[in-house]
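> need a structure here:
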Amino acid sequence: KSTLGFGPAVWLGARYGFTHSLEATATGFFETPTTMFHNAMTLQTGSGQFNGTLQHSTTRFGGLVGARLVLGLVWRFHAGVEVGLSQRLNTQLVMIDDRDASAPVDYGLMLPNASQTQFAISPVLGLEWQAGDHFSFAVLPRAQILVGGALSWAVIVPLQFSWSWFL
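So this is what the prediction gives:
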């Protein structure tokens, strides 16, 4: 069951400009562990059916490569797409009986950790300010469509600092 969550992430990437307007990108990312709650869940196991809230910690990491069209000199508009792999780890799964909201109770099910590898397609659209000869600041929002197993998606809004060097 999908739920909305927020958490910090670390992204490290490289860009190579084939021309002033065309760049190749390579990015690695790590989203820090975030506690998630899925309310109004029904969990089916061999022991029966359990209603309540599923609590777990989720972490995601992966890598992407892609290409971008870049227009402008000082204010630079970016449009592109990146593709790669994403690995999601769900740990510390606990099913909680919350029928009495004043005293929720762990069912004690000992649920196993789960992981999922998915193919990621990530359109990128954003704006960069070339503040100096070698550095810039950018906001490059992206959607990530995650394919494999259950289809899912994420929206990422990175605030980015870049340092450039020229060969």
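
> Can you report phi and psi for the residue positioned nearest the centre of the chain?
Most central in the chain under Cα atoms, centre = their mean is Ala154, positioned 5.6 Å from the mean C-alpha point. The phi/psi pair for Ala154 (degrees, to the nearest 10) reads phi -140, psi 150.

> Quick one: residues contacting it.
By Cβ atoms under 8 Å, 6 or more residues apart in numbering, the residues touching Ala154 are Arg60, Ala143, Gln144, Leu146. For the C-beta atoms, the positions are set from N, CA and C on the backbone; glycine is no exception.

> Strands of the protein, start to end?
9-17, 22-45, 48-71, 75-97, 105-106, 114-129, 135-139, 142-147, 152-156, 159-163 (DSSP state E).

> Just the CA coordinates for the third one, please, in PDB.
Read that as strand 48-71. What follows is strand 48-71, C-alpha atoms only, in PDB (Å, rounded to 0.1, in the frame of the first residue of the first chain):
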ATOM      1  CA  GLY A  48      -4.500 -15.600   9.900                       C
ATOM      2  CA  GLN A  49      -5.600 -12.100   9.000                       C
ATOM      3  CA  PHE A  50      -4.200  -9.100  11.000                       C
ATOM      4  CA  ASN A  51      -5.700  -5.600  10.800                       C
ATOM      5  CA  GLY A  52      -4.000  -2.400  11.800                       C
ATOM      6  CA  THR A  53      -0.900  -0.300  10.900                       C
ATOM      7  CA  LEU A  54       2.300  -1.600   9.300                       C
ATOM      8  CA  GLN A  55       5.400   0.200  10.500                       C
ATOM      9  CA  HIS A  56       8.800  -0.200   8.900                       C
ATOM     10  CA  SER A  57      12.100   1.500   8.100                       C
ATOM     11  CA  THR A  58      12.700   2.100   4.400                       C
ATOM     12  CA  THR A  59      16.000   2.900   2.600                       C
ATOM     13  CA  ARG A  60      16.700   3.300  -1.100                       C
ATOM     14  CA  PHE A  61      19.900   3.600  -3.100                       C
ATOM     15  CA  GLY A  62      21.000   3.200  -6.700                       C
ATOM     16  CA  GLY A  63      22.500   4.700  -9.700                       C
ATOM     17  CA  LEU A  64      21.400   6.500 -12.900                       C
ATOM     18  CA  VAL A  65      22.900   7.500 -16.200                       C
ATOM     19  CA  GLY A  66      21.400   9.900 -18.700                       C
ATOM     20  CA  ALA A  67      21.500  12.900 -21.000                       C
ATOM     21  CA  ARG A  68      20.300  16.500 -20.600                       C
ATOM     22  CA  LEU A  69      19.600  19.400 -23.000                       C
ATOM     23  CA  VAL A  70      21.000  22.600 -21.300                       C
ATOM     24  CA  LEU A  71      20.000  26.100 -22.600                       C
END
